[in-house]
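Colleague: Structure for this input, please:
(one chain, ligands or ions: 1)
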Amino acid sequence: MLARDGGRAAVEGLRAADLRHYLHPFTDSRALAAEGGTRIITRAHGPYIWDAEGRKTLDAMAGLWCVNVGYGRQELAAAAHEQMLELPYYNSFFKTTTPPTVRLAERLAALTPEGLNHVFFADSGSEANDTIVRMVRHYWALEGQPERRVIISREYAYHGSTMVAASLSGSHMHSQGGLPLPDFDHIAPPYWYGRGRDMDPAAFGRSAAQALEAKILELGAGRVAAFIGEPIQGSGGMIIPPDTYWPEIQRICREYDILLIVDEVITGFGRTGRWFASEHYDLKADLMSLAKGLSSGYIPISAVMVGDRVAHTLIEKGGEFFHGFTYSGHPVACAVALENLRIIEAEDLVGNAAHTGIYLQGRLQELADHPLVGEVRGIGLLGAIELVQDKERGEFFSPQGEVGTRCRDHCFQNGLVMRAVRDTMIISPPLIFTPAHVDELMEKARLALDLTARDLARR
Ligand code: PLP
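Modeller: Below is the predicted model:
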């Protein structure tokens, strides 16, 4: 559309201005400039995006794991439009609220797993996780145990980019800015393919969970406030724990009276074929963070679900909670989120993620014979393809990341978005995906794998 309006000069002008003025997230600006600048995405519909040159690309990442209902939904635009005309903004600070804010809180309390009946709104997954850390520490102080401050997380975790959320994340997020902050600790992830293949998966799952117990004993149980984990680690490389992992983690949390924080920012709202991935593992979270699929990325909003135990203490003993954002419970964001949830339910997109997910997982298995592929895994509309140097021995490339990036670039050049985490290719498409979209994805993925293998053979 841009190319149509202003022609090539307009596109180049925009690209040059981008290089001059815009600092992209998670981007090496010098390298971007050396590569000739950015690709400008101008429009999108269904599971497809188009760039300024008019190239059509199948978005098998749903943006950043977020566009669950797909692009171009008129209903969401209408919901925002109507709410902006009715009441574009009001805050919840002055003993005030707005109708969509309350309706969304009520809806989330009904939708999320049992016991999560209170909601605090924020604007991003990072803010939701920051909020949780403040709540957890406040909770333990109110319970007369202020020395319980440590939050235990995992290597390869991603919980966001603010100082606290990056501290919760794995060490790949700690090299800049003097992180982690004090009182954040980490254990190894339940990454069977990467770290546990000398054990049977069930035994590995139990042993990965028992690292939490060892860490609690090392730190002293009286210092530990909470454990945080994504049910399935997304940005860390789509790490699906063995079934033995979460029951053991929950046993340990109960035994040492540690709060359980579940980060469903990626896995929430149907991604895995259930409303929440917690349902696969019967997770009983004390607190849960939600974002991304809550509005399908159409507008920034996140939520902290607070379980009855923590909410009771905060409400009955806490007094004023000195925490909140100008846009907490923003009426337009809440109206869009409500409409988004209505669409997910009306079109049974959770069911579609389960059914089309079975087809996706079956077709992914066909890639297992490719010389570069060590393992494929997935659940619902989440998938991962591990690229390895030695297929028989499952040996990773060294250094990790170069081959994955190369494969990702081949995908992009051939009309497909797959993300690379180290050398793991990630799939997380919109939940409107059909078997025909899966077929298109598989054809383009195989082509990208072949082109990557060809490049490696020429080295
Ligand atoms: N938690 C998880 C599991 C995530 O994947 C992300 C972002 O990818 C976040 C938290 C941070 O969310 P945001 O980027 O909205 O701050």
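Colleague: Surely Ala448 and Asn414 touch.
Modeller: Yes - using C-beta atoms under 8 Å, Ala448 is in contact with Asn414, at 6.2 Å. Quick note: C-beta positions are derived from backbone N, CA and C, even for glycine.
Colleague: Looking at these two, which one has more neighbours?
Modeller: Ala448 (23 against 15; other C-beta atoms under 10 Å).
Colleague: which ones are touching the closest residue to Ser167 other than its chain neighbours?
Modeller: In this structure, Ser167 finds its nearest non-sequential neighbour in Pro180, 3.7 Å apart by C-beta to C-beta, 6 or more residues apart in numbering. By C-beta atoms under 8 Å, 6 or more residues apart in numbering, the residues touching Pro180 are Ala166, Ser167, Leu168, His174.
Colleague: Which single residue of this structure ends up nearest the ligand?
Modeller: For the chain and the ligand, the shortest gap (C-beta to the nearest ligand atom) falls at Gly125, measuring 2.3 Å.
Colleague: so which helix or strand takes in the spatially most central residue of the chain?
Modeller: What sits nearest the mean C-alpha location of the chain, by C-alpha atoms, centre = their mean, is Ile266, with 3.0 Å. Secondary structure from DSSP states H and E places Ile266 outside every helix and strand.
Colleague: and it, what does it touch?
Modeller: Contacts of Ile266 by C-beta under 8 Å, 6+ apart are Trp65, Glu230, Ile232, Gly234, Ser235, Lys292, Ser428.
Colleague: residues in the stretch 201-350 of the chain within reach of the ligand, list them.
Modeller: Neighbours of the ligand within the stretch 201-350 of the chain, by C-beta under 6 Å from any ligand atom: Glu230, Gly234, Ser235, Asp263, Val265, Ile266, Ala291.
Colleague: show me what contacts the fourth one?
Modeller: By C-beta under 8 Å, 6+ apart, the residues touching Asp263 are Gly125, Asn129, His159, Ile228, Gly229, Glu230, Met288, Ser289.
Colleague: Taking the residues of the stretch 201-350 of the chain next to the ligand, tell me the two that lie furthest apart.
Modeller: Ser235 and Ala291 (12.9 Å; C-beta to C-beta).
Colleague: Between those two, which has more neighbouring residues?
Modeller: Each of Ser235 and Ala291 has its neighbours counted (other C-beta under 10 Å); Ala291 has more, 29 against 21.
Colleague: State the distance from that one to Glu279.
Modeller: The gap separating Ala291 from Glu279 is 18 Å, by C-beta to C-beta, to the nearest Å.
Colleague: Which elements pack onto the strand or helix carrying Ala17?
Modeller: Following DSSP H and E, one finds Ala17 within helix 2-21. Contact analysis of helix 2-21 by 3 or more C-beta pairs under 8 Å, 6 or more residues apart in numbering; DSSP states H and E lists helix 29-34 as its packing neighbours.
Colleague: what about 6 Å?
Modeller: Using 3 or more C-beta pairs under 6 Å, 6 or more residues apart in numbering; DSSP states H and E, no helix or strand is in contact with helix 2-21.
Colleague: outside of that helix, which residues touch it?
Modeller: With C-beta atoms under 6 Å, 6 or more residues apart in numbering as the test, helix 2-21 has contacts from Ala33, Gly37, Thr38, Ile40, Thr42, Ala52, Glu53, Gly54.
Colleague: Which of those residues are buried? Put it as a PyMOL command.
Modeller: Command for PyMOL that selects the buried part of these, burial taken from 16 or more other C-beta atoms under 10 Å:
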select buried, resi 38+42+52
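Colleague: from the contacts of helix 2-21, which ones fall inside helices?
Modeller: With helices taken from DSSP state H, the overlap with the contacts of helix 2-21 comprises Ala33.
Colleague: Could you dump the contacts of helix 2-21 into a markdown table with pLDDT and distance to Leu108 added?
Modeller: Output for the contacts of helix 2-21, formatted as a markdown table (pLDDT from 0 to 100; distance: C-beta to C-beta, whole Å):
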| residue | pLDDT | distance to Leu108 |
| --- | --- | --- |
| Ala33 | 96 | 43 |
| Gly37 | 95 | 40 |
| Thr38 | 96 | 36 |
| Ile40 | 97 | 35 |
| Thr42 | 97 | 33 |
| Ala52 | 96 | 38 |
| Glu53 | 94 | 41 |
| Gly54 | 95 | 40 |
